[in-house]
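Peer 1: here are the coordinates; sequence isn't available:
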Ligand code: PMM
């Protein structure tokens with residue numbers, strides 16, 4: 001990833017002056033990476049507060065797993081899972097993002113105190129989503145998505161993954177703008193692992209500059225994903241389990257922060273909180289130094 005300093009800011013959210021850390025609370029019994037350990041409301045709220053204590057700037061609450069092959073949960077069940085957790089965290093002063101593809105879940109979460117909506121389908125799964133977010137005046141994450149991850153959709157076909165993802169994201173940003181969401185409230189996300197294999201994910205991370213060119217703050221969600229398993233696989237080719245990918249996740253967080261990401265979305269917060277602070281300190285040293293090389297004056 002190339003160096004980048006124009007991280008941007010999102011209207012309605014604090015200006016963190018460095019890459020923000022979004023901690024994940026999956027309120028699901030089947031999430032691929034945390035095994036549904038936070039399925040209970042009280043435990044989920046406690047986990048969100050722990051993530052904040054560990055350095056999360058905001059917490060993303062989701063009640064529906066988007067992993068390949070996961071079946072969709074009923075809307076009432078999703079509401080039952082998500083709303084008490086959103087309310088519990090927001091009432092403690094936590095900045096809450098709601099990870100949902102449903103307008104009704106988004107609207108009720110915003111009413112319960114959520115500050116932004118993270119829709120992996122960028123409004124494609126529910127036509128009422130963009131109007132609901134626009135009505136509430138909330139920030140909106142526009143993620144690259146090519147449909148529910150079933151069958152052949154698990155591995156998308158791309159001739160030019162970076163160009164196609166940028167083009168498709170641009171179209172979804174236009175849809176959000178046309179639907180009344182203010183440009184300064186739109187965040188873009190390449191959707192690592194969604195209809196993408198390891199090469200696709202790596203190409204997108206390598207060309208973060210082209211995602212930045214969309215002109216919106218960039219969210220990177222690499223945490224524990226398959227491409228990290230591929231990179232870390234041992235000689236037998238077997239990837240380590242999701243929970244053993246946190247050091248690799250923190251490495252991506254440092255690189256994403258250096259490349260100018262607005263935020264990184266992670267399950268294990270502590271190492272990423274350190275990583276983004278190190279990246280910020282190095283960035284600060286770069287801007288504090290004169291750009292002329294060498295310590296001697298007046299040679300020219
Ligand atoms: N990935 C997952 C869930 N939500 N939201 C955004 N904006 N971007 C992502 O890449 C993303 C997401 C799937 O991961 P999980 O099941 O580990 O939460």
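Peer 2: That came through, no problem. What you see is a predicted model, and the numbers here were worked out from it, not measured in a lab.
Peer 1: and the stretch 151-300 of the chain, which residues reach the ligand?
Peer 2: Residues of the stretch 151-300 of the chain found near the ligand (Cβ under 6 Å from any ligand atom) are 189, 191, 192, 219, 221, 265. Bear in mind the C-beta positions are built from the backbone N, C-alpha and C, glycine included.
Peer 1: Parallel or antiparallel, which strands does the longest strand along the chain pair with?
Peer 2: Criterion DSSP state E: the longest strand present in the chain is strand 20-26. If you go by DSSP bridges, strand 20-26 pairs up with strand 58-62 (parallel), strand 263-266 (parallel).
Peer 1: continuing past the first one, what's the next helix or strand?
Peer 2: Right, the one you point to is strand 58-62. helix 75-91 (DSSP states H and E).
Peer 1: so does that next one get close to the ligand?
Peer 2: No - judged by Cβ under 6 Å from any ligand atom, helix 75-91 stays clear of the ligand, getting no closer than 13.1 Å.
Peer 1: Same list, the strands paired with strand 20-26, but as a markdown table with mean neighbour count please.
Peer 2: Formatted as a markdown table, those follow (neighbours: other Cβ atoms under 10 Å):
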| stretch | mean neighbour count |
| --- | --- |
| strand 58-62 | 27 |
| strand 263-266 | 28 |
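Peer 1: got TSV for those, with mean pLDDT and distance to residue 120 too?
Peer 2: Output for the strands paired with strand 20-26, formatted as TSV (pLDDT from 0 to 100; distance: least, Cβ to Cβ, whole Å):
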stretch	mean pLDDT	distance to residue 120
strand 58-62	98	9
strand 263-266	98	11
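Peer 1: still on that earlier bit, how big is the angle separating the longest strand of the chain from helix 75-91?
Peer 2: Between strand 20-26 and helix 75-91, the angle comes out at 140 degrees (axes from the mean of the first three to the mean of the last three Cα atoms, to 10 degrees).
Peer 1: Since that was my last question, I'll sign off now.
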